[in-house]
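> pasting the sequence and the predicted coordinates here, then a few questions.
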Amino acid sequence: MSKSVNVGLIGLGGRANVFLKYYLLKMDYVNITAVFDRNQPKVEAAQKAVFDARGTTPFGTTNVDELLARDDVDLVMICTFWDSHVDYAVRSMKAGKFTAMEIGGASNIEECWRLVDTQEETGTPFMFLENTCYGEYELMAMNMAKAGVLGDIVHCEGSYAHDLRGPIAGGLRFSNYLNHNCDNYPTHDLGPIAKLLNINRGNRMVSLSSFASPAKGLNTYIRANSPDNTELCNTKFSQGDVITTVITCENGETILLRLDTTLPRFYSRQFTVRGTKGMYMEDGNCVFLDGVHNDVTFDPRSLWDNAKEYKAQYGGAVWSDPEKLYGQKEVGVDFITLTAMFDSYFNNTIPPIDVYDAAAWKCVAPLSEISIKEGNRSVEFPDFTRGKYLDRNDHNTGLFSLE
């Protein structure tokens, strides 16, 4: 690639270090020109990592305005804690930088509108870095759905099911679990579903109802593993162990989401697509097609991992032939997400996961909290596109297609 892009990193924790070590510093068209964190040792560690890999030292600062004022920063990646994502994104867009923001739920609806309003006022490109949208089987299922193989899609399911008891007890997102009761991380499971159902592009989510189980998992874990920490053992958490959310869409489809992070379990996003001619289910990695697999209706084990048979045809070039597309034999979801972002930057196209996607997906967190607090009542989604979703048809940009 003959072009190059100058990147500034805001936030230098674990996520930014993954991007640096495994992707950005291996992309020869990417120059890391500036890094910011409130923690000076993190700034110096990032500067050293860049120097060791490239022989150049990026500008480092603990003042984000200094980074945003620099002419040698074209694109900003925001990798901070959830509660500061939107503030930094707004400041970045106002500074005229192509802005990429890491994922997580919103604190309130107002910050979602702030994100959208700023992007519309400035015209600055914005991309939401939800990598699950580029999962190989998520893309396969989406392409099977768009090709009509699964028939009319009527229902989808997804989860963020990840045992995080240890990290939460150790401080990760501790305040979220202490003070809130909601689906605090909806984008990881909702993103691929929203893409498949053309949300914000001819369809939209119109309402949700959310339900919370009791909050028992964290206390049980803490008392078993830190019995001498009396204060922590007696902490009362607000966050229910399992949050279940049912979403209705304007075109009639339903979506079932679960947040399940404080009970013992294996990891799964439980991505499921149900259509009139068949289904895909992540747990078991199964495809079931009407007229093809009906003889195993009561014994799905024979279909486990049969989705591999459909990946070559419906996975798209992103996964089926990465060497042809990228010059690499093996790729991952982060690599593909970043490549789609840079593709949008270089070609001046609408980012494939844009500000309207970010706002619609992130707002599930505060909406679910309202629903749970008010007796599981149905809560309406704002239309962050202000009606533009009816005529938008850019959902196949940024590698979201068979080509």
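Looks like it came in fine. Residues are numbered from 1 along each chain as shown.
> from Y326, how far off is the most centrally placed residue in the chain?
The residue lying closest to the centre of the chain (C-alpha atoms, centre = their mean) is E130, at 2.9 Å. Noted for E130: a distance of 20 Å to Y326, by C-beta to C-beta, to the nearest Å. Yep, even glycine has a C-beta here, placed from its N, CA and C like the rest.
> circling back: show the contacting residues for the residue nearest to the centre of the chain.
The contact partners of E130, by C-beta atoms under 8 Å, 6 or more residues apart in numbering, come to 103, 187-188, 191, 337, 353, 357, 361.
> S4 touches Y29, doesn't it?
Yes: using C-beta atoms under 8 Å, S4 is in contact with Y29, at 4.8 Å.
> quick check, K195 in contact with A141.
No: with contact defined as C-beta under 8 Å, K195 and A141 do not form a contacting pair (10.2 Å).
> how close does Q40 get to A46?
Q40 is 11 Å from A46, by C-beta to C-beta.
> ok, now C233?
Computed as C-beta to C-beta, the C233 to A46 distance reads 37 Å.
> who's more crowded, the two?
In terms of neighbours (other C-beta atoms under 10 Å), A46 is the more surrounded of C233 and A46; the figures are 23 against 14.
> roughly how far does that one sit from L67?
Going from A46 to L67 by C-beta to C-beta gives 12 Å.
> so what sits against both of these two?
Shared contacts of A46 and L67, defined by C-beta under 8 Å, 6+ apart, comprise V35.
> phi first, then psi, for the residue nearest to the centre of the chain.
phi -90, psi 100 (degrees, to the nearest 10).
> ok, I78 next?
phi -100, psi 120.
> which residues does it form beta bridges with?
I78 has the following beta-bridge partners by DSSP bridges: I10, M101.
> might one say that it is in contact with H85?
Yes: the pair I78 / H85 is scored as a contact, 5.9 Å apart, by C-beta under 8 Å.
> joint contacts of the two?
In contact with both I78 and H85: 101-102, using C-beta under 8 Å, 6+ apart.
> C112 touches W361, doesn't it?
No: counting by C-beta under 8 Å, W361 is not a contact partner of C112; they are 9.4 Å apart.
> surely R301 is in a helix?
Yes: under DSSP: H, G, I helix; E, B strand; the rest coil, R301 falls within a helix.
> how near is it to D283?
Computed as C-beta to C-beta, the R301 to D283 distance reads 12 Å.
> also N198?
25 Å.
> comparing those two, which residue is more hemmed in?
Using other C-beta under 10 Å, the more surrounded residue of N198 and D283 is N198, with 20 against 15.
> break down the stretch 51-200 of the chain into its strands, ranges please.
Under the criterion DSSP state E, counting those that start in this stretch, the stretch 51-200 of the chain contains strands at 59-61, 75-78, 98-101, 126-128, 153-161.
> turn those strands into JSON lines, columns for mean neighbour count.
Putting the strands of the stretch 51-200 of the chain into JSON lines (neighbours: other C-beta atoms under 10 Å) gives the following:
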{"stretch": "strand 59-61", "mean neighbour count": "20"}
{"stretch": "strand 75-78", "mean neighbour count": "24"}
{"stretch": "strand 98-101", "mean neighbour count": "27"}
{"stretch": "strand 126-128", "mean neighbour count": "27"}
{"stretch": "strand 153-161", "mean neighbour count": "22"}
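> now tabulate those in JSON lines and tack on mean pLDDT.
JSON lines is the format used below for the strands of the stretch 51-200 of the chain (pLDDT from 0 to 100):
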{"stretch": "strand 59-61", "mean pLDDT": "98"}
{"stretch": "strand 75-78", "mean pLDDT": "98"}
{"stretch": "strand 98-101", "mean pLDDT": "98"}
{"stretch": "strand 126-128", "mean pLDDT": "98"}
{"stretch": "strand 153-161", "mean pLDDT": "98"}
